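Chemist: Predicted model and sequence follow; I will ask about them next.
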Amino acid sequence: MDIIAKAENAIKSIMVKDKFNNNVLMLKTGHIRKFLTSVNLVRDRVEVYKMSSAGPERLSPELVAEIKFLKVKLLFLAGREKNIVGGFVEKAGLMEMIDGIGDSTAKFDEFARYIQALGAFHKFYGGKDK
């Protein structure tokens with residue numbers, strides 16, 4: 001399954017029925033935005049590294065550590081609202097994706113695009129801030 005379909009399925013899987021039997025998202029835009037911001041900061045560093053490195057297919061140990069630290073940020077967000085954010089993290093497979101990146105620039109790029117797609121589908125399917 002490609003990352004776009006995976007992102008759409010992840011967002012659809014966290015939809016619940018409201019009292020009018022409409023599909024709604026309990027996950028707020030801010031939940032995704034906070035994590036996307038962290039991913040984008042690392043992505044910017046990865047892009048600089050790729051432009052200045054002779055072997056851009058492998059990440060430096062420092063960048064690998066930054067990517068692994070994304071798990072900590074994600075766990076913090078999930079721990080604050082376990083039912084909503086925790087369920088999303090699990091259904092979206094975010095921890096497994098971070099673990100699977102290793103030192104691969106290609107896998108990190110795919111992960112960053114996946115996070116962007118999650119945000120886009122969240123907005124498309126009616127995700128709100130309030």
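Modeler: Perfect, thanks for sending it. Residues are numbered from 1 along each chain as shown.

Chemist: got the buried residues for whichever strand or helix holds residue 115?
Modeler: If you go by DSSP states H and E, residue 115 is part of helix 105-124. Neighbour-count burial for helix 105-124 flags 105, 107-108, 111-112, 114-122 (criterion: 16 or more other C-beta atoms under 10 Å). Backbone N, C-alpha and C define where each C-beta goes, glycine included.

Chemist: for stretch 26-33, same thing?
Modeler: Neighbour counts using 16+ other C-beta under 10 Å place 26-29, 31-32 of stretch 26-33 among the buried residues.

Chemist: And the contacts of it?
Modeler: 14, 16, 77, 81, 84-85, 88, 115, 118-119, 122-123, 127-130 (C-beta atoms under 8 Å, 6 or more residues apart in numbering).

Chemist: Now with 6 Å, please.
Modeler: Applying C-beta atoms under 6 Å, 6 or more residues apart in numbering, the contact partners of stretch 26-33 are 14, 84-85, 88, 119, 122, 127, 129.
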